[in-house]
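Chemist: sequence and predicted structure are below.
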Amino acid sequence: MKNPLLEKWEDRLQNLFNRIDHILEEKYGELYPLRPNRPAHGRGVTPDADGLFDLGVSFSVGIGSQFGPGYVFRVKLATLNRVPDDLIEKIENEVVELLSKELPREFPGKELRVARDGHVFKIFGDLDLN
């Protein structure tokens, strides 16, 4: 059984990622063909399971991380085509910018930051559920 406060926290975070996924799909979703097994945007079970972008987020206890515990994510594009590194970096920066802007609105009073942590990005800081 999951803690209801944790469920609420993670639902809010997932909803934020879903909104960012939608923004990215609107802006970049038609640039590349999807993998053959990937449903079009809006046709999958969840936003991270359809369209060009996979923005799944999950908790990490932070072992080996300079930032400690937090929520990790990667910006993945569901295409078999090669995507230029500079475009990937541009999109990653856009996601970090959107998150940095929206986290204080979604979690008022919380000091949360976003930073690259090795090969992933991490949301870390005040993770208190209250």
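Modeler: That came in fine, so what should we check first?
Chemist: wasn't residue 93 part of a helix?
Modeler: Yes. Checked against DSSP: H, G, I helix; E, B strand; the rest coil, residue 93 lies within a helix.
Chemist: and the top helix by length along the chain, which residues are buried?
Modeler: Longest helix of the chain, by residue count under DSSP state H: helix 4-28. For helix 4-28, burial by neighbour count (16 or more other CB atoms under 10 Å) applies to 9-10, 13-14, 16-17, 20-22, 24-25, 28. For glycine as for every other residue, the C-beta is placed from the backbone atoms N, C-alpha and C.
Chemist: heading C-terminal from it, find the next helix or strand.
Modeler: Reading on from helix 4-28 to the C-terminus, the next helix or strand found by DSSP states H and E is strand 53-54.
Chemist: let me know the pLDDT of the spatially most central residue of the chain.
Modeler: Centroid-nearest residue in the chain: residue 55, 4.0 Å away (criterion: CA atoms, centre = their mean). Residue 55 is assigned a predicted lDDT (pLDDT) of 91.
Chemist: and it, how far is that from residue 47?
Modeler: Going from residue 55 to residue 47 by CB to CB, to the nearest Å gives 7 Å.
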